[in-house]
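Asker: Here is my input; please provide its structure:
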Amino acid sequence: MQFKLESTDPKSKARAGVITTDHGTIETPIFMPVGTVASVKGVHQSELKNEINPDIILGNTYHLYLRPQTDILEKAGGLHKFMNWDRNILTDSGGYQVYSLSGRRKINEEGVKFKSHIDGSMHFFTPENVMEIQRSIGADIIMAFDECTPYPCDYNYAKSSMHMTHRWLKRCIEHLGKVPPKYGYEQTLFPIVQGSTYKDLRKQSAEFIASVEAEGNAIGGLSVGEPAEEMYAMTDVVCQILPEDKPRYLMGVGTPINILENIALGVDMFDCVMPTRNARNGMLFTAHGTINIKNKKWESDFSPIDEMGITFVDTLYSKAYLRHLFASKELLGKQIASIHNLGFYLWLVREARKHIKAGDFADWKDKMVKQMSNRL
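Answerer: Below you'll find the model as predicted:
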């Protein structure tokens, strides 16, 4: 993997760059649609490619390991071929899912024993076998195995967890060198900065991660319930330490406003289930604010879903029609809303890139944050 930094914004730390892998280029800043179980929920691959058009999507090691399981993925020739996706894929190591299974897992130095949410069967993740699983999945960018701490988190627990994540990283790197890629292309490992919302721990973790000299770095353990101001403060601390010539990935973030604010702090890559999850509940993101399409006020509004026409659904259907689909519990409503929201997120980061390159990102960002705060 290669990363070229193209532009920086004069009034912020925002960056525009290009990541190149064996599956093509990724223009940054980038938002990665979440395809947890080899599917971006509710969206056909043709719509994903032709309308939303991301350079990269995300899959999840925990979920893919449990279903369809790695032997099926290996028989298919890897996740790209299994889901008919010829662009880049990043896989989360499963650390966040382990965090979310708080009542179904036990963590120790060796790894994590957990109970499947599907059938209750017991499994064990270690840094070593998570590397092997991600080799079998075959993503272009893979994550080191880490522990994602909750919020709020006791200082001593956050410190102990951070150091264990660092020790696990060493094991990931050592084992990855023993297990070659399976499908004829390279895979790049990103380590993950932890440390909860403690500035000194985040600083220590970022320094340790930077010392590993990986090709890219991730920031984990945020967007887990902490106030946005604390998220931004931790991101700022970390981005001042992580190397400028490597991409920075903020995991699981977030709202459109979160994304713009973190771009301003120097983050390059994002993912979040919010655009599709909120879409399925009738919430639409637009440049002028959020819309709850279930509200009665849209019942006779025959204007386009979004006058900007970011994707084909925006001008093809009216707000009144989309509201009708939700009221009728038609699956098409969730699909249309998902396409719109994903299209908006990709539009947003691409506009951010344009303004970074033009040198006026900071002013544009402030205007957009104000607009997107509205409830329409």
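Asker: How about the helix-or-strand element of the chain with minimal mean pLDDT, which residues are buried there?
Answerer: Least confident helix or strand, the chain: helix 95-100 with a mean of 73, by mean pLDDT, DSSP states H and E. Neighbour-count burial for helix 95-100, with 16 or more other CB atoms under 10 Å as criterion, is recorded at 95-99. (Glycine included, C-beta is placed from N, CA and C.)
Asker: Please apply the same query to stretch 299-314.
Answerer: 301, 304-306, 310-311, 313-314.
Asker: Can you tell me which of the residues you listed is nearest residue 12?
Answerer: residue 310 (24.3 Å; CB to CB).
Asker: Identify the residues contacting that closest one.
Answerer: By CB atoms under 8 Å, 6 or more residues apart in numbering, the contact set of residue 310 is 340, 343-344, 347.
Asker: Would you map the strands across the stretch 201-350 of the chain?
Answerer: With strands called from DSSP state E, counting those that start in this stretch, the stretch 201-350 of the chain shows them at 217-219, 248-250, 269-271, 283-286, 289-292.
Asker: Export the ones you listed as TSV, with columns for distance to residue 238.
Answerer: Below are the strands of the stretch 201-350 of the chain laid out as TSV (distance: least, CB to CB, whole Å):
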stretch	distance to residue 238
strand 217-219	5
strand 248-250	8
strand 269-271	14
strand 283-286	26
strand 289-292	29
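Asker: Kindly state which of those strands is positioned closest to residue 334.
Answerer: That would be strand 283-286 among the strands of the stretch 201-350 of the chain, by CB to CB, at 11.4 Å.
Asker: Can you tell me the strand partners of that closest one and which way each runs?
Answerer: In the sheet, strand 283-286 lines up against strand 289-292 (antiparallel) (DSSP bridges).
Asker: picking that back up, tabulate the strands of the stretch 201-350 of the chain (TSV), appending mean pLDDT, mean neighbour count and distance to residue 115.
Answerer: What follows is the strands of the stretch 201-350 of the chain, written out as TSV (pLDDT from 0 to 100; neighbours: other CB atoms under 10 Å; distance: least, CB to CB, whole Å):
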stretch	mean pLDDT	mean neighbour count	distance to residue 115
strand 217-219	98	27	26
strand 248-250	98	27	29
strand 269-271	98	25	26
strand 283-286	98	22	32
strand 289-292	98	18	36
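Asker: To residue 153, which of those lies closest?
Answerer: Going by CB to CB, the one of the strands of the stretch 201-350 of the chain nearest residue 153 is strand 217-219, 15.6 Å.
Asker: Just the closest of the buried residues of stretch 299-314 to residue 182, please.
Answerer: residue 311 (34.9 Å).
Asker: what's the distance between the closest one and residue 304?
Answerer: 11 Å (CB to CB, to the nearest Å).
Asker: With residue 229 instead?
Answerer: Counting by CB to CB - residue 229 and residue 304 are separated by 36 Å.
Asker: next helix or strand past whichever strand or helix holds residue 354?
Answerer: Using DSSP states H and E, residue 354 sits in helix 331-358. Later in the chain than helix 331-358, the nearest helix or strand by DSSP H and E is helix 361-372.
Asker: what residues are up against the residue nearest to the spatial centre of the chain?
Answerer: Residue closest to the mean C-alpha point of the chain, counted by CA atoms, centre = their mean, is residue 271 at 1.7 Å. By CB under 8 Å, 6+ apart, the contact set of residue 271 is 31-34, 58, 90, 251-253.
Asker: how about 6 Å then?
Answerer: For residue 271, the contact set (CB atoms under 6 Å, 6 or more residues apart in numbering) comprises 32, 34, 58.
Asker: my hunch is that the last one is in a strand, does that hold up?
Answerer: Okay, so that is residue 58. Yes: read with DSSP: H, G, I helix; E, B strand; the rest coil, residue 58 is one of the residues of a strand.
Asker: Quick check, it in contact with residue 34.
Answerer: Yes: judged on CB atoms under 6 Å, residue 58 makes contact with residue 34 at a distance of 5.0 Å.
Asker: Please say which of those two ends up with more neighbours.
Answerer: Counted by other CB atoms under 10 Å, residue 58 and residue 34 do not tie: residue 58 has more neighbours, with 27 against 23.
Asker: Against residue 327, how distant is the more buried one?
Answerer: From residue 58 to residue 327 the distance is 32 Å (CB to CB).
Asker: Residues contacting the least confident helix or strand of the chain, please?
Answerer: 62, 105, 112, 145-146, 148.
Asker: before we move on, back to that, kindly reformat the buried residues of stretch 299-314 as JSON lines containing distance to residue 17.
Answerer: As requested, the buried residues of stretch 299-314 are exported to JSON lines (distance: CB to CB, whole Å):
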{"residue": "301", "distance to residue 17": "40"}
{"residue": "304", "distance to residue 17": "34"}
{"residue": "305", "distance to residue 17": "32"}
{"residue": "306", "distance to residue 17": "28"}
{"residue": "310", "distance to residue 17": "23"}
{"residue": "311", "distance to residue 17": "25"}
{"residue": "313", "distance to residue 17": "30"}
{"residue": "314", "distance to residue 17": "29"}
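Asker: Just the ones of these in helices?
Answerer: Secondary structure from DSSP state H places 313-314 of the buried residues of stretch 299-314 in helices.
Asker: nearest to residue 365, of the buried residues of stretch 299-314?
Answerer: Nearest member of the buried residues of stretch 299-314 to residue 365, counting by CB to CB, is residue 310, at 18.4 Å.
Asker: and the closest one, what are its phi and psi?
Answerer: When read as degrees, to the nearest 10, the backbone of residue 310 gives phi -60, psi -40.
Asker: again with residue 28
Answerer: Torsion angles, degrees, to the nearest 10, at residue 28: phi -110, psi 150.
Asker: Grab the nearest non-local neighbour of it.
Answerer: Leaving aside its sequence neighbours, residue 28 sits nearest to residue 268 (CB to CB, 6 or more residues apart in numbering; 4.1 Å).
Asker: My understanding was that residue 134 contacts residue 142; is that so?
Answerer: Yes: here residue 134 reaches residue 142: they are 4.2 Å apart, a contact under CB under 6 Å.
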